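> turn this into a model:
(chains A and B)
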Amino acid sequence: MRVSRLVSRKHKEKPAEAQLASHIFLLRGGYVRPIANGIYSLLMPAKRIQHKIIGIIREEMDAIDGQEIQMPIVLPRELWQESGRWDSVEAELLRFKDRANHDMLLAMTHEEAVVALARTEVTSYKDYPFMLYQFQTKFRDEARSRGGLVRVREFIMKDAYSFHTSQADLDNYYDKCAKAYHRIFRRCGIPEVVSIQSDSGMMGGKVAHEYQLLTDSGEDKVVVCDKCHFYANNEVAVGIYQSEPEDLLPMEQIETPNVKTIDDLTAFTGMPETKMAKSVFYTTEKGETFCVVVRGDVEVNECKLQKIVQSLFNFATDEEVRKTGAVPGFACPIGLKCRVFVDHSVANGYNLICGANKEGYHTKNFNMRRDLPHAEVVDIATVKTGDICPRCGGQLSIKRGIEVGNIFKLGTRYTESMQMTYTDEKGEEHHPIMGCYGIGIGRLLASICEVRHDDYGPIWPLSVAPWQIQICAMKMDRKDIFETAETLYDDLQKAGYEVLFDDRNVSAGVQFADADLTGIPLRLTVAPRALAEGMIEYKVRGRDESGLVPIKEILPFVKNWIETEMQKYR
RNA sequence: CGGAAUGUAGCUCAGCCUGGUAGAGUACUACGUUCGGGACGUAGGGGCCAAGGGUUCGAAUCCCUUCAUUCCGACCA
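Model (predicted):
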């Protein structure tokens, strides 16, 4: 490709709307252009990167016996009614009517479609297991897209669905897929992606993992143990809150005028937050108020709480709190007329301070096991830096990450609701067990840029770079330069390399700056000084690796360099 | 869906407070001088100042409404 022909304008300045490095460079480098909120066009450089990423993923999916298919983007309402998601998924699902006034939707995921396909194709146990996958556009009407290609509304995803006749077979395949995912990220040049335990959210199912690229610019919170390399999503991570055993002292009331918050209480009593029990009240959508008790230093994890309560909720008003018999600011979980959930951090504590349900008073020496024995003990704590790892006793910390992929054990959630069955060797019918496996292609592209760039632009790994080689030619108006550069371009292309040739007669600064924004790994420069010696210069993007190569030896040099470099991405 | 900010040339922005009919840099076109890390000069093209309504003799500027974008939350396979 010639730069002079390439439709991909470069910008010197940071676009006003971009904050993330990947967003800035993808716009500045002429990779993507926004069309509407969270909807982008890809220009040739980005399209080529996407093509390479898809190629890598396809190889890895084929290697675990995946069968590539393609399902439609537009689906009819009936399919999603079968699974129940037409009603359970709200605004994120884009619905519309066709000319016959029939309800349709833009697929945000393809479980329904793949089950509809597979249930008529596969009816015997002999045909199991199998995995179907595709690269297909998804549309999710996100409340807030952001970060360029990191969170968009329309995007291409590799989604794969496996079908099994036993849990053991799914477990086995799930592990194979997990390994394939690590290979995919390694081959895409981001081997630091980690898999973490996650919440299965609206997908249903029990076991799920996310693949997170840990980076400060990520939007997800990830809990990490530096000692045993345990990773978990903040929504499911569990910390341990141990307390030194103490003798149980008798409860007593203390006078605490105007002391309402935990901060007030630590200041007033001189005791640490870890000796406090904090009561928080919520009211569900149905209007039921309940109380949760956590240690003073612990934040309630509302995602965990939602799963326990099985309902949406908001903070209770003071009036709602009073109805339970508690006094706002001096609330105590004892003797309330509502459900009470106690976090392990409080259940394991000794002689804590809590409210007294009496204006101006708190209670000393609250011991949940003794004083509130029938409360429900649950895990509703938000893990924070410094908490104890449940596996190894090391320290947990919170890091940020970008979720570049995920895998789920779906079970029979969809095959039951959509009545997909197979006949086993005894002639009995069963619902197959499913797994599903996703990778967002555009997000992966942006993520690579996010962690592989310098001040001047992206540094694409050779395995995904839009082109393998960039030719810069200084002073294209000189005949010797022109002829050498053109010949080099021809020869490299004939030898099968992907070459971007900057054939413009512009200054070195412009060429190099644009080359940096394009981020191609190997740059060859044809310039007067070296050419006088019969040499061509090479420079590796993002590294202190450069030198001169005799023109005659350029093809073997390139061959060797590319082969050596590609070793890193196998 | 809440809170905040911003919409002026392809891009980055000034002008707005204090109303008088549109500016800079960059990018683009032509010519000349330059030429190894975003050169310079001269000339030129390019804007319904987000949209709609109002106030006014007169609105990019003041007021109202809507829309869009960004940031922070909520939400999110």
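> low pLDDT regions in chain A?
Applying pLDDT under 70 to chain A picks out residues A:199-206.
> can I see the domain layout of it?
The record's domain parsing of chain A by automatic domain parsing lists A:47-237+A:398-450, A:252-382, A:467-569.
> how about the last one against RNA strand B, any contact?
What that stands for is domain A:467-569. Yes - interface with RNA strand B: domain A:467-569 contributes A:474-475, A:477, A:507-510, A:512-517, A:525, A:527-531, A:537, A:539 (C-beta under 7 Å from any atom of the strand). Heads up, the C-betas are built off the backbone N, CA and C, glycines and all.
> and if you look at the longest one?
Yes - under the criterion of C-beta under 7 Å from any atom of the strand, RNA strand B is reached by domain A:47-237+A:398-450 at A:92, A:108-109, A:138, A:140, A:142-147, A:151, A:157, A:159, A:198-203, A:208, A:219-220, A:403, A:406, A:408, A:438, A:440.
> how far away is A:Val346 from A:Pro257?
25 Å (C-beta to C-beta, to the nearest Å).
> cool, A:Cys228 as well?
Counting by C-beta to C-beta - A:Cys228 and A:Pro257 are separated by 47 Å.
> settle it for me: which of these two has more neighbours?
When A:Cys228 and A:Pro257 are compared for neighbours, A:Cys228 comes out ahead with 12 against 8, by other C-beta atoms under 10 Å.
> taking the residues of domain A:47-237+A:398-450 next to RNA strand B, please make a ChimeraX selection of just the buried ones.
Per 16 or more other C-beta atoms under 10 Å, the buried members of those correspond to this ChimeraX selection:
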select /A:108,109,138,140,142,145,147,151,157,159,198,199,200,203,208,220,403,406,408,438,440
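> taking the residues of domain A:47-237+A:398-450 next to RNA strand B one by one, which sit in strands?
Residues of those located in strands (DSSP state E): A:138, A:157, A:159, A:208, A:220, A:403, A:406, A:408, A:438, A:440.
> list the contacts for A:Thr256?
A:265, A:268-269, A:330, A:360-362 (C-beta atoms under 8 Å, 6 or more residues apart in numbering).
> 10 Å instead, please
A:Thr256 makes contact with A:264-265, A:268-269, A:329-330, A:353, A:355-356, A:358-363, according to C-beta atoms under 10 Å, 6 or more residues apart in numbering.
> closest one of those to RNA strand B?
If you rank the contacts of A:Thr256 by distance to RNA strand B using C-beta to the nearest atom of the strand, A:Gly329 comes first, at 22.8 Å.
> the closest one reaches A:Lys278, doesn't it?
No - using C-beta atoms under 10 Å, A:Gly329 is not in contact with A:Lys278, being 11.3 Å away.
> more neighbours, those two?
A:Lys278 (26 against 16).
> and the more buried one, bridged to which residues?
Following DSSP bridges, A:Lys278 is listed with bridge partners A:Val294.
> that one: what's it in contact with?
A:Lys278 makes contacts with A:261-262, A:265, A:292-300, A:331, A:333, A:343, A:345-346, A:352-355, as judged by C-beta under 10 Å, 6+ apart.
> kindly recompute the last result at 7 Å.
Neighbouring residues of A:Lys278 by C-beta atoms under 7 Å, 6 or more residues apart in numbering: A:262, A:293-294, A:296.
> and those residues as TSV, adding neighbour count and distance to RNA strand B?
Below are the contacts of A:Lys278 laid out as TSV (neighbours: other C-beta atoms under 10 Å; distance: C-beta to the nearest atom of the strand, whole Å):
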residue	neighbour count	distance to RNA strand B
A:Ile262	16	19
A:Val293	28	20
A:Val294	24	17
A:Gly296	23	20
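> ok, of these, which one's closest to A:Gly66?
A:Val294 (44.7 Å; C-beta to C-beta).
> the closest one against A:Asn348, yeah?
No - between A:Val294 and A:Asn348 no contact is recorded; they are 11.8 Å apart, counting by C-beta atoms under 7 Å.
> contacting residues around the strand or helix carrying A:Gln511?
Using DSSP states H and E, A:Gln511 falls within helix A:508-518. Contacts with helix A:508-518, where a contact means C-beta under 7 Å, 6+ apart, come from A:10, A:25, A:28-29, A:45, A:456-457, A:466, A:470, A:472, A:474, A:500, A:502, A:523.
> and for stretch A:78-85?
A:86, A:105, A:111-113, A:116, A:414, A:417-418.
> what's the end-to-end length of stretch A:197-211?
9 Å (C-alpha to C-alpha, to the nearest Å).
> and what of stretch A:83-103?
16 Å.
> quick one, which of the contacts of helix A:508-518 are buried?
A:10, A:25, A:28-29, A:45, A:457, A:466, A:470, A:472, A:474, A:500, A:502, A:523.
> from the residues you listed, which land in strands?
Checking those against DSSP E, those in strands are A:457, A:470, A:472, A:500, A:502, A:523.
> show me what the fifth one bridges to in the sheet.
When assigned by DSSP bridges, A:Asp502 has beta-bridge partners A:Cys472.
> quick one, what contacts it?
Contacts of A:Asp502 by C-beta under 7 Å, 6+ apart are A:3, A:470-473, A:511, A:514-515.
> quick check: it vs A:Gln511, distance?
5 Å.
> what does the first one give?
For A:Gly457, the distance to A:Gln511 (C-beta to C-beta) stands at 13 Å.
> now the buried ones among the contacts of helix A:508-518 in JSON lines, with distance to A:Glu483?
Converted to JSON lines, those look like this (distance: C-beta to C-beta, whole Å):
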{"residue": "A:Lys10", "distance to A:Glu483": "27"}
{"residue": "A:Phe25", "distance to A:Glu483": "34"}
{"residue": "A:Arg28", "distance to A:Glu483": "33"}
{"residue": "A:Gly29", "distance to A:Glu483": "30"}
{"residue": "A:Pro45", "distance to A:Glu483": "27"}
{"residue": "A:Gly457", "distance to A:Glu483": "30"}
{"residue": "A:Pro466", "distance to A:Glu483": "26"}
{"residue": "A:Gln470", "distance to A:Glu483": "19"}
{"residue": "A:Cys472", "distance to A:Glu483": "16"}
{"residue": "A:Met474", "distance to A:Glu483": "14"}
{"residue": "A:Leu500", "distance to A:Glu483": "19"}
{"residue": "A:Asp502", "distance to A:Glu483": "16"}
{"residue": "A:Arg523", "distance to A:Glu483": "20"}
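> farthest-separated two in the residues you listed?
A:Phe25 and A:Met474 (24.7 Å).
> what about the helix or strand containing A:Leu132, distance to the chain center?
Using DSSP H and E, A:Leu132 sits within strand A:130-139. Distance of strand A:130-139 from the chain centroid (C-alpha atoms, centre = their mean, to the nearest Å) equals 18 Å.
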